[in-house]
Each structure stands twice: as structure tokens, then as C-alpha cells.
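Undergrad: for reference, the sequence and a predicted model appear below.
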Amino acid sequence: MSAVPEVPEAPEAPEAKAPVVTPVRVIIALCLAAPFVAMLWVGSYAKLEPTFIGMPFFYWYQMLWVLISTALTMIAYVLWQRDQRARKGGASR
Amino acid sequence: MKDGVNGVALAVFIFFFLAVTVMGFLASRWRKAANENSLDEWGLGGRSFGTWVTWFLLGGDLYTAYTFVAVPAAIYAAGAAGFFAVPYTILVYPLIFTFLPRLWSVSHKHGYVTTSDFVRGRFGSRGLSLAVAVTGILATMPYIALQLVGIQAVLDVMGVGGGETTHWFVKDLPLLIAFGVLAAYTYSSGLRAPALIAFVKDTLIYIVIAVAIIYIPIKLGGFDEIFASAGEKFAQINPATDKPNGALVPGELGQWGYATLALGSALALFMYPHSITATLSSRSREVIRRNTTILPLYSLMLGLLALLGFMAIAAGVNVKNGQLAIPQLFENMFPDWFAGVAFAAIGIGALVPAAIMSIAAANLFTRNIYKDFLKPDATPAQETKVSKLVSLLVKVGALAFVLTMDKTVAINFQLLGGIWILQTFPALVGGLFTRWFHRWALIGGWAVGMIYGTAAAYGVASPTQKHFGGSSAEIPGIGEIGYIGLTAFVLNVVVTVVLTFVLRAAKAPDGIDETSPSDYTADAGDPGVKVELPPATAGAPGGH
């Protein structure tokens, strides 16, 4: 019965001793956080104008964000993969 | 509604239904593994699915027939408020990007089949694991029932739903057949059946949406016309509530509700057992991450689909039951044969998630109730047998639910299910990143969240219902109207944190953690991670 007290403070990659917070990781975090800010700030897009092919702003703006957030998640994915590969130093895979 | 049976549409519908039935039974031979009698095979498809199969499976799983019917129905009834489904599905993917790969890794390493398996392994608490399992089963049952509501809507519009006077057996016969067939192939093929059928379902859905979004606006005179007539309808004052029927954009008062509903639903989605089942069936960690970048394609489709609600208004569809709005729009707008394709898309769209949900609920029961409490020495073969039987029971239960009770009961429970399932977030996602939370504190937080959420939802009245009239209520301390599930979740986290401090100060014993930090980042092929199948041919991890 050992009360395992270890707390993995850093959510990601405990395998290397490199700094946990790096510029690349900050960019990844921003990419992932941006959709939350944009979508939860409803007041910024709750309006009719300007319309796009007859569609009120409210609707086409949110659908545009589907594409934007997809692009941001893809960027995060690519950066993360590079980050991981660099950390492993090509040791495995 | 047109009288009589729409023969052409029905024939097309039956054709597709027969085709997927054959596929469902043949699926057991697809990527067959040596050892069939394990829960990994039946309940997780051998954990072998690659990026595209996972994409179809998750898409087929999360975007259910009920979604297709209910989201446009909400737009049809009230306008902007129903569009929250779009920001909700936008937020899901960055969220799961951060935690799902960790869950996949630790589950793969330790052979976890359900979220409760993980919670038990991480916190060494069967009580907490039981709480998560029971919540999962309770939340999933009404969700399965609602899939039937989706099929019923389609059958009604095709004219085979029967009228008020039809004998109940004749009336419900088509539904009974559909569910009997579904139950049979889920039993024999497990998760492979919905995985294979999901290809058909999603292909049909994409075709139908693409056609609908171009063809219907042209017939109706463009989006200008569509939104103009929708605006007119929403501006009228509803005699029941003395307020306008709806709005094209949420007003000041509705914005908190809109945002909290989107966020709360996004947090809850991957707490549902069926989402996790589809996730764990994938072959590698990379498959999950890659999927978070391609799954949003479904969100775009959902957004377009939601717009059909406005088109139904502009097309003059006038139905009392909003759920019939979209099937009726298809029937009015499309030639019969294509209406049949659209109905088949919705009908099959109900079968895929219903199959996965029943498998997920059955796995929870088998692993976390049967094995943990009733028969600890169960062999894998016994586990599989129990799971198969429970998957049948779950479906029969859902069917009885829909046939004997009013539809609104299922909808009320589904609403509650969303609130409940969110209360497992701290144990699951919290547990993936830290062990700081105390197991008893997590149980306490869960209980508080469940009780508050249920009580608050009970207190919501609507013009048609005294209780469970909606999912939003005033947020205590803020005063704005917000999603009950999210309020309950915040309360849950606060209680968990406070109790953890108290319990740590009191030196309450910790459970034994069977996982180690490296388990959370392990990928298939790493040393110590067993390979269940010969390496598949396509797409090695990290390929592109």
C-alpha cells in the first residue's frame, strides 16, 4: 500500500528532459484554444449583416469556423508530430 | 402529409435496408481474427481499424439519425437557438485532440475496453468505476430509444407508420422488423457490423445533403427567400408564450444559453460510452489524432443540414411534430426515388449508432458490473457471451421504452443523460492527466453533479411540459440562463477539489494506480505494447 504521490504535472511527454513549455507548444495551445474563444463569444457574431449569398452572418460565420478550426487543428497536429519526433531524436520508429 | 404509401420511396428504402442487412451479417468475416471469443474482437472489432474506417465509424456513431431529425427540427421550431450544434461540434475536436490519444494509449497498454476499466485501474476504486459505468448505461439507453424515434419519423412520412386507428402490432411491425434485424447482426458480428454499414450510411448522407443543399434552395428561390420567410414566421407572436416564435440570431438573453450549451455538449460527447468504443477500436494513437483533423467534415455537413430547417419553413411544410419536418421536406421536394434514398440515409443512420451504443452499454455491464461484482473469474469467452446477450437486452429495453411510453419521455431522459454523462468528466479526463484528485472526492463530486443536474432539469417548465421542459436554467450566482449540465459540472469540479484537499489533509488512503506515466504516451508497436494483429497493409503510423 504505497500512496503513490507522483503527479504528472506536465500533461505531455514526460519521457524527455527538454523544457515542457516551448514556443512550438505555445503555438499548438493557441491553435487549439482559438476556436473556444471565437465560438463562446456569441456576442461577436450574433448579427444578421453582412449576408453571404443570402445567408445571415450568424450562420455562415460559424460554418466558416468549421473550416478555420479544422485548419488550426491540422497545424497543431503537424507541429505536434514534429515536436515528438524531435524529442525522440529518431530513436524509435 | 400525402395519403397512402409512397411505393417508390418505400421500395428504394427497402432495397438499401436489405443491402445493409446482408453487409451486417457478412461483417463477421471481415478482418477475422484467430480468437473470436474475446471482448476485444466482438466489442472493439479487434482494435484494428485504420484512419478511414475509424472516421466512418465515429462519424456514423456521433451523427445519429436523431441528430439529423432533431437539429433541423429545432431550427424549424425556434431558429438560431438550434444552431448551437455547429459550435458544439467545432469545439469537440480541439478538445479530444488533447485527451483522447492518452486514453487510447493507456487502454491499449492495459487492455481496457471501457472508460470504467480505466477509472478503476487509475484510481483503484471499484465504487468510482461503478458510478461511471452506471452513468454511462443510463445515459445511453434513452439515446438508443431516440434512434427509434428517427426511424419512426421516416416510416410515418412514407405512409407505413399507420394511422391512429391501426392496430398497434401492425403499426409497429416495420419498426420491430428493423430492430430485430439490427439485433441479430449486432449479436453475430459485433462492432464490425456497424463499422461496415457506416460506409453506406455516411455515403448516402453526404449525397443527400449535397443534393439537398443545392437543389432545394434553387427550387425555393435562393437563400434570400428562405431566410426572409423564416424571419417572418419567427417574428409572429406565439399565443402560448406571448413571445415571438423564434429568432434568426440569438438575442442578448439567449447568448449565455447558446455558449454554455455548445461547451457543455462538447465536453460531454466523448464521455458517452459509444464514442469511446469507436475510439478504442482504432489501430493506433496516430489514427485518433489524424481523425480529429478530418472529423470536422461532419460538422460542416451538420451545419448544412441544420439549414434544412429554414428550408422546411420556406417550403411551407406545416407539421405539428417538428421531428417530421425534414422527412416531409424531402417528400415534398424530391422525386420519389430520391426521397427513398434520403429516407434510407436516415433509417440506416439510426441503425449504426444504435448498434454501437448497445455494444458499448453491454461492454460496460460486462466489464464493470458482471466481472467486477458478480463473477470476478469470468473467462474472456464468458465475458463475450454476456456482452452479446446484454446487447440484445439493451435493445429490447429501448424498444419497449419507445413503444410503451410517450416519445417525450425518451427525449426527457436523453436530455438528462447528457447532463449525467458530463459528470464523469472529472474522473475520466482528470484521471488521464493527474492523480491528484482523491477517488472518494471524485465520487462526491459526481454525486453532487448528478443530484443538482437532475433536480434543476426537473424544475424546468415549458408551455407543453411541467417538468424537464428544457436543458437550460438560471446559473446560481451569475443570474444568466445557461445549460444545466455545465453548471452541474462546475459544481462537481468544485466539490471534487475541496473534498480532495480535505481527504488529503485527513490522510485518507489512496487507491492503487496500476498505470505508469509512460503508458499514456505509448503507441502501438512500442516495446511492451502487445500487437494483436499482423501489421495491416495500409498507412504505417506517422506515414504522412
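TA: Noted; the coordinates are in hand. Numbers count the residues shown, from 1 in each chain, chains lettered A, B, ... in the order given.

Undergrad: on the three-state scheme, residue B:436 is what?
TA: Assigned by DSSP: H, G, I helix; E, B strand; the rest coil, the conformation of residue B:436 is coil.

Undergrad: separation between it and chain A?
TA: 5 Å (C-beta to the nearest C-beta, to the nearest Å). Quick note: C-beta positions are derived from backbone N, CA and C, even for glycine.

Undergrad: ok, now residue B:253?
TA: Applying C-beta to the nearest C-beta to residue B:253 and chain A gives a distance of 11 Å.

Undergrad: residue B:467 belongs to a helix?
TA: No: counting by three-state DSSP, residue B:467 is not part of a helix but coil.

Undergrad: nearest residue to it other than its sequence neighbours?
TA: With C-beta to C-beta, 6 or more residues apart in numbering or on different chains as the criterion, residue B:467 has its nearest non-adjacent residue at 5.0 Å, and that residue is residue B:458.

Undergrad: tell me, how many residues neighbour that neighbour?
TA: 15 (other C-beta atoms under 10 Å in any protein chain shown).

Undergrad: list the residues that contact residue A:56.
TA: Neighbouring residues of residue A:56 by C-beta atoms under 8 Å, 6 or more residues apart in numbering or on different chains: A:47, A:48, A:49, B:227, B:248, B:249.

Undergrad: now residue A:56. Its backbone dihedrals?
TA: phi -60, psi 150 (degrees, to the nearest 10).

Undergrad: how much space between it and residue B:306?
TA: Residue A:56 is 13 Å from residue B:306, where distance means C-beta to C-beta, to the nearest Å.

Undergrad: thinking the residue nearest to residue B:467 is in contact with residue B:469, fair?
TA: No: Residue B:458 lies out of contact with residue B:469 (C-beta atoms under 8 Å); the separation is 9.8 Å.

Undergrad: quick one: low-confidence parts of the chain?
TA: Just so you know, I chose chain A. In the predicted model of chain A, residues A:1-18, A:89-93 satisfy pLDDT under 70.

Undergrad: wrong one, chain B
TA: Looking at chain B by pLDDT under 70, you get B:1-4, B:31-36, B:161-170, B:239-242, B:524-544.

Undergrad: where does it get nearest to chain A, which residue?
TA: Nearest to chain A, among the residues of chain B, is residue B:223, at 3.1 Å (C-beta to the nearest C-beta).

Undergrad: which elements pack onto whichever strand or helix holds that residue?
TA: If you go by DSSP states H and E, residue B:223 is part of helix B:222-235. Applying 3 or more C-beta pairs under 8 Å, 6 or more residues apart in numbering or on different chains; DSSP states H and E, one finds that helix B:222-235 contacts helix B:192-220, helix B:296-314.

Undergrad: run the last query once more with 10 Å
TA: Applying 3 or more C-beta pairs under 10 Å, 6 or more residues apart in numbering or on different chains; DSSP states H and E, we find helix B:222-235 packed against helix A:57-88, helix B:65-78, helix B:192-220, strand B:243-244, helix B:296-314.

Undergrad: how about the strands in the stretch 401-544 of chain B?
TA: Listed in chain order, the strands found in the stretch 401-544 of chain B under DSSP state E, counting those that start in this stretch are B:472-474, B:481-483.

Undergrad: buried residues of the first one, list them for me.
TA: Read that as strand B:472-474. B:472, B:473 (16 or more other C-beta atoms under 10 Å in any protein chain shown).

Undergrad: so which elements touch that strand?
TA: helix B:254-269, helix B:439-458, strand B:481-483, helix B:484-505.

Undergrad: rewinding a little: check contacts around the residue nearest to residue B:467.
TA: Contact analysis of residue B:458 by C-beta atoms under 10 Å, 6 or more residues apart in numbering or on different chains lists B:412, B:416, B:466, B:467, B:468, B:469, B:484.

Undergrad: may I see those organised as a markdown table, with neighbour count added?
TA: Rendered in a markdown table, the data for the contacts of residue B:458 read as follows (neighbours: other C-beta atoms under 10 Å in any protein chain shown):
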| residue | neighbour count |
| --- | --- |
| B:412 | 19 |
| B:416 | 22 |
| B:466 | 10 |
| B:467 | 11 |
| B:468 | 20 |
| B:469 | 18 |
| B:484 | 31 |
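
Undergrad: residue A:78: which of these is nearest?
TA: residue B:484 (38.4 Å; C-beta to C-beta).

Undergrad: wait, the closest one touches residue B:473, no?
TA: Yes: at 5.3 Å, residue B:484 counts as touching residue B:473 under the criterion of C-beta atoms under 10 Å.

Undergrad: next, count neighbours for residue 83.
TA: You didn't say which chain, so I picked chain A. 17.

Undergrad: chain B, not that one
TA: 27.

Undergrad: shared neighbours, residue B:458 and residue B:469?
TA: residue B:412.

Undergrad: send me stretch B:117-129 as PDB with only the CA atoms.
TA: C-alpha atoms of stretch B:117-129 as PDB (Å, rounded to 0.1, in the frame of the first residue of the first chain):
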ATOM      1  CA  ASP B 117     -12.000   0.000 -16.800                       C
ATOM      2  CA  PHE B 118      -9.600   2.900 -16.900                       C
ATOM      3  CA  VAL B 119     -11.100   4.700 -13.900                       C
ATOM      4  CA  ARG B 120     -10.800   1.500 -11.800                       C
ATOM      5  CA  GLY B 121      -7.200   0.900 -12.900                       C
ATOM      6  CA  ARG B 122      -6.200   4.500 -12.300                       C
ATOM      7  CA  PHE B 123      -7.800   5.200  -9.000                       C
ATOM      8  CA  GLY B 124      -8.100   1.600  -7.700                       C
ATOM      9  CA  SER B 125     -11.700   2.200  -6.800                       C
ATOM     10  CA  ARG B 126     -14.500  -0.200  -7.800                       C
ATOM     11  CA  GLY B 127     -17.100   2.200  -6.400                       C
ATOM     12  CA  LEU B 128     -16.000   5.100  -8.700                       C
ATOM     13  CA  SER B 129     -15.800   2.700 -11.600                       C
END
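
Undergrad: flag every buried residue along it.
TA: So for stretch B:117-129, counting by 16+ other C-beta under 10 Å, buried means B:117, B:118, B:119, B:120, B:121, B:122, B:123, B:124, B:125, B:126, B:128, B:129.

Undergrad: got these as JSON lines, with distance to chain A and secondary structure columns?
TA: Shown next, in JSON lines, are the buried residues of stretch B:117-129 (distance: C-beta to the nearest C-beta, whole Å; DSSP: H, G, I helix; E, B strand; the rest coil):
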{"residue": "B:117", "distance to chain A": "19", "secondary structure": "helix"}
{"residue": "B:118", "distance to chain A": "15", "secondary structure": "helix"}
{"residue": "B:119", "distance to chain A": "16", "secondary structure": "helix"}
{"residue": "B:120", "distance to chain A": "15", "secondary structure": "helix"}
{"residue": "B:121", "distance to chain A": "13", "secondary structure": "helix"}
{"residue": "B:122", "distance to chain A": "11", "secondary structure": "helix"}
{"residue": "B:123", "distance to chain A": "11", "secondary structure": "helix"}
{"residue": "B:124", "distance to chain A": "10", "secondary structure": "coil"}
{"residue": "B:125", "distance to chain A": "14", "secondary structure": "coil"}
{"residue": "B:126", "distance to chain A": "16", "secondary structure": "helix"}
{"residue": "B:128", "distance to chain A": "16", "secondary structure": "helix"}
{"residue": "B:129", "distance to chain A": "18", "secondary structure": "helix"}
